[in-house]
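Participant: structural data only, the sequence is not supplied:
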């Protein structure tokens, strides 16, 4: 509910940001916005009750607007090499063309090659080789080319 | 929902942000925005979840800043008259001097006379005669003289 | 002994299994969809694996993902929960072929019981009465012949069906002419098999089921019956035990013949034989070869832990009690609290305290997903007798506060508080009678 | 029968009594302080009356307000809860003089048992062993004489005391010289009575109590014992039944002599005889002439409802079962979840599901008041045996999430998960041993 009142309020202009913040901290508010003349200040916080919500996966360390994350489409074991002794499909810095293989995910003794859907540069490898990857788990952070 | 009120609340202009916040904290609002001239302040909070919190007592119907509420100091039966046939101590509009009796509250067969702590005019009688009043229950809305 | 179990289910049952694992000192791994990441089963399991996106077809029905998750997390057993793949013989077989213990009946048993015609034959062999019914219907002509022999109304059923799906009530011959081909197409669509059969239709029967445990070697105990007659569109809403309409004589025949059926099958694990009861007679309907949502009412009167029993039986440790050690004490009643819409739950006060058990999988801030069934919580009360149990359930329902999504709590209060329910004299049409008109929107 | 009960208590016990009232079809009126307005007992009672401001002295100990509330809401009985006035003989008398049924023992019984010296005499008469102790100590000289006769260490106690208050351990004569006058002054201050006596002090005893019900006419049944040895500053933290240190022989003597004591008193209602156990012997300590916080563990193993029993006995309907009908089954363990500070509770996830009971009086958004004791919730589990019960309690504690105020959940996990607790071999000093150092700030 939003109540808009039109009275005159005198001492708002006299409050410091610190005083306002103290009020806010001690309150149950999630948002506080104050405007006086051309100045304005806005405090907000999100629901404090979500500390136990599990984080789905660790975030990629670097985040930039031009990075994209390639996730696992199945549950399986993540391999960076086509065979134990073979060199890896990709490593950090590799440039991969569309439809080139990024990795192998083994599920139920079937080797599934994951191909790049677009040309990109590998910025970070986010999953551990030879370990279980879940559905939706981030595998690579890439820069689209 | 948006309620636009055009209140005749005289002294809102004198309210501090702290006082407004106290009002807000005690209310069921999720948002409160106040503008006076060029100043404005806006409070918001998410899910207060208090729809089942019992309202302590019905609020007095009229609320004005100069009204005060006299509450019951004990649990008992509320009487406006000293005896069944006698006229009431007070009625709406009565002017009561300090230490004059306002009502009788019977508890455990003892008649307790409630005296005015200050001179005042009775604006409203808030409890039902001959019914149970709880500790803290509003009995009279009065105007201090 | 079993060391680590993959739980291939969701909802309050997945948490139920996690809790049983903890009590038994067994590790639990919950396989969940993306939509179920923030649920209590995932929070409390020792480990969780996301197996796919929200739609069940790509997660909870995705055999390959489930088996990969089980093998890669080094589970040695798999619990299929209820619903989804829990009554899939081919899934049970795939689990066993992958070297895992399937916590449920043998694949052959599931397959036999999944075919309604073969299940009826087994029931008849064990001495169970069945509703007068047809053989497999080859065409419309044979359907007409059987219908006039049984007398209308009849009900058409898919041989491979279950849970109310693919059923069609036929009240006269003209309905059969249009309905039979339609029902066949539906059956093909849902179950990949258009075999149909037909039974005499009971207008307003009671739904009563017997809970059994078998050790897989022919030892079988029953834990009494549950009455699940209060249903809405074939979905159970309330379950109670003992049934208010069974007398001792009928109870004894019903439980003993159910035991005989399971003994004939050398049944392994927990299972339920479902009956329809009308006019002082009872008829075998089907076997649910798995745990059931309403198992807690049996747990409260028997003092036994059905999920722990399932796990022990799967580990070849047998059943904890012999039949003469099973004591059923008092009365238990369960109410299912359903969401009438999906969404985030802001407040979720559930009853607690003496004589009340609550099973759920959500807590305030979590979301009832639109992708699955609408069950939010089960409230179960234990009492010395039915009337006391009804009062206690009304007390428990009165403590529920849910904010954020609408629920059926008021409907449940209407039902439990009605004189019709209290009388014990009603059929599966109770919901329509009490709530049908005003609450049809739900 | 009783029609409407005023509940003159607070916290989870007040809600416990409201629930029992609903189950019995009795109306409930909760008398509460201003600070307790927003609690579950007030929410779920049929009616509530605010009897005073937050301080107990002006509300929960305000006899006149409580009686006014009872009379004006037309109650015919009063349940005193636990604590506050529940063991005040003069309050019980005032309740009866006001024409109300007091749900508890007769005032004379409360008075007799409230005087520790007279209670000891009654115990001795009933054949109960007591710790070697003194007569009433008239002065320092007599205190010295008794102390050297009993041998140090001894414990000074106020005759009118209880609950750990006014007690003082004396290890040598010099301590007695300073401690005796101090203890007397304290006793006068707390209890209005400076009578003192002295007992041989047991260094690290177990605390075991027997739960009894008496119908007021000499019929008495016991419901086994509870072991409450895990304490912190004389406040119980965990309670279990059966006690891991009683053998059948000691249990029989302890319960039978407790029954004899209650029979001698023609005890009316629920009550507990408390014992100290050390070195294979047990000693009578005191009687708690009221319901106890830890009563749920007895309810889970006996299947009986102690609050319903209290109400039935007060209504002169007797005890539901004879001694030979009481069957104690399995093991039960209770953990008290305490707030380590007052405040608004933002999140409050409590365990639920099979074999777990939770009793509380708050829900998210409500406030643990700084005015009263710190109990937030009790978690009680039922199991077939002690080791299973311990695992189950660890499971239940693992499900607790409290945000907004700090709690003792981690401490409880430490205790329940310790090998010392699991061994069953410990005394009342367990808390200090396990949590004393790191968690003293609590």
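Facilitator: Now that the structure is in, tell me what you want to look at. If you're wondering where the values come from, they're calculated on a predicted model, not measured in any experiment.

Participant: mind listing what the closest residue to residue A:129 other than its chain neighbours touches?
Facilitator: Among residues not flanking residue A:129 along the chain, residue A:80 sits closest, at 4.8 Å (CB to CB, 6 or more residues apart in numbering or on different chains). The way it works is simple: take the backbone N, C-alpha and C, and place the C-beta from them, glycine included. Applying CB atoms under 8 Å, 6 or more residues apart in numbering or on different chains to residue A:80 gives the contacts A:88-91, A:103-104, A:125, A:129.

Participant: repeat that with 7 Å
Facilitator: Contacts for residue A:80 (CB atoms under 7 Å, 6 or more residues apart in numbering or on different chains) come out as A:88-89, A:103, A:129.

Participant: is the closest residue to residue A:107 other than its chain neighbours in a bridge, and if so with what?
Facilitator: Once flanking residues are discounted, residue A:107 sits nearest to residue A:76: 3.5 Å by CB to CB, 6+ apart. Under DSSP bridges, the beta-bridge partners of residue A:76 are residue A:133.

Participant: which residues does residue A:76 contact?
Facilitator: A:105-107, A:112, A:133, C:68.

Participant: pLDDT check: weakest of those?
Facilitator: Taken together, those show their lowest pLDDT at residue A:107, with 87.

Participant: pretty sure that one sits against residue C:64.
Facilitator: Yes: counting by CB atoms under 7 Å, residue A:107 touches residue C:64, with 6.0 Å between them.

Participant: between these two, which one's more packed in?
Facilitator: The neighbour count for residue A:107 versus residue C:64, taken as other CB atoms under 10 Å in any protein chain shown, is higher for residue A:107 (20 against 16).

Participant: what about that one, distance to residue A:79?
Facilitator: The gap separating residue A:107 from residue A:79 is 11 Å, by CB to CB, to the nearest Å.

Participant: show me the strands in chain A, by range?
Facilitator: When assigned using DSSP state E, the strands of chain A occupy the ranges A:2-5, A:31-36, A:39-44, A:67-71, A:76-79, A:95-96, A:101-107, A:110-115, A:120-125, A:132-133, A:138-144.

Participant: follow-up on the earlier one: and of the contacts of residue A:76, the nearest to residue C:205?
Facilitator: Nearest to residue C:205, judged by CB to CB, of the contacts of residue A:76 is residue C:68 at 43.9 Å.

Participant: over to that closest one: give its phi and psi.
Facilitator: phi -60, psi -50 (degrees, to the nearest 10).

Participant: who's in contact with it?
Facilitator: A:75-76, A:107-108.

Participant: close to chain D: what parts of chain C are there?
Facilitator: With CB under 7 Å from any CB of the partner chain as the criterion, chain C meets chain D at residues C:15-16, C:19, C:22-23, C:25, C:44, C:296, C:299, C:305, C:349-350, C:352-354, C:357-360, C:363-364, C:388, C:391-392, C:395, C:398-399.

Participant: hmm, 8 Å instead?
Facilitator: C:15-16, C:19-20, C:22-23, C:25, C:40, C:44, C:296, C:299, C:303, C:305, C:307, C:329, C:347, C:349-350, C:352-360, C:363-365, C:383, C:388, C:391-392, C:394-395, C:398-399, C:401 (CB under 8 Å from any CB of the partner chain).

Participant: on that earlier part again, shared neighbours, residue A:107 and residue C:64?
Facilitator: The contact lists of residue A:107 and residue C:64 share residue A:74, where a contact means CB under 8 Å, 6+ apart.

Participant: just the element for the residue of the stretch 251-400 of chain C at minimum distance from chain A, please.
Facilitator: Nearest residue of the stretch 251-400 of chain C to chain A: residue C:365, at 5.6 Å (CB to the nearest CB). Element membership for residue C:365 (DSSP states H and E) is empty, with no helix or strand holding it.

Participant: against residue C:33, how distant is it?
Facilitator: 19 Å.

Participant: kindly report the same for residue C:340.
Facilitator: According to CB to CB, residue C:340 stands 22 Å off from residue C:33.

Participant: cool, and residue C:63?
Facilitator: 14 Å.

Participant: chain neighbours aside, what residue packs nearest to residue C:294?
Facilitator: Using CB to CB, 6+ apart and skipping residues adjacent in sequence, the residue nearest residue C:294 is residue C:239, 3.9 Å away.

Participant: would you mark the buried spots in the helix or strand hosting the one you found?
Facilitator: Per DSSP H and E, residue C:239 falls inside strand C:235-241. Neighbour-count burial for strand C:235-241 flags C:236-241 (criterion: 16 or more other CB atoms under 10 Å in any protein chain shown).

Participant: need the max-distance pair from the residues you listed.
Facilitator: Farthest apart among these - using CB to CB - are C:237 and C:241, which lie 15.3 Å from each other.

Participant: looking at chain A, which helix or strand does the model trust least?
Facilitator: Least confident helix or strand of chain A, by mean pLDDT, DSSP states H and E, is strand A:2-5 with a mean of 30.

Participant: still on that earlier bit, among the buried residues of strand C:235-241, which one sits closest to residue C:225?
Facilitator: Among the buried residues of strand C:235-241, and counting by CB to CB, the member closest to residue C:225 is residue C:241, at 6.2 Å.

Participant: pLDDT wise, what is residue 84 at?
Facilitator: In the absence of a named chain, chain A is used. So residue A:84 comes in at 86 (pLDDT).

Participant: wrong one, I was asking about chain C
Facilitator: Residue C:84 is given a pLDDT of 92.

Participant: please tell me how far residue C:336 sits from chain D.
Facilitator: To chain D, residue C:336 is 15 Å away according to CB to the nearest CB, to the nearest Å.

Participant: which strands and helices sit next to the helix or strand harbouring that residue?
Facilitator: Applying DSSP H and E as the criterion places residue C:336 in strand C:331-338. For strand C:331-338, the packing partners by 3 or more CB pairs under 8 Å, 6 or more residues apart in numbering or on different chains; DSSP states H and E come out as strand C:235-241, helix C:295-302, strand C:375-383, helix C:386-398, helix C:409-416.

Participant: among the ones you listed, which is nearest residue A:66?
Facilitator: Comparing those by their distance to residue A:66 (CB to CB), the top pick is strand C:375-383, with 42.8 Å.

Participant: picking up where we left off before, pipe the helices and strands packed on strand C:331-338 into CSV and attach mean pLDDT per row.
Facilitator: Output for those, formatted as CSV (pLDDT from 0 to 100):
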stretch, mean pLDDT
strand C:235-241, 95
helix C:295-302, 98
strand C:375-383, 98
helix C:386-398, 97
helix C:409-416, 96
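
Participant: and the strand or helix carrying residue C:211, what does it pack onto?
Facilitator: Assigned by DSSP H and E, residue C:211 falls within strand C:206-215. With contacts taken as 3+ CB pairs under 8 Å, 6+ apart, strand C:206-215 sits against strand C:220-232, helix C:248-264, strand C:268-278, strand C:281-288, helix C:306-314.
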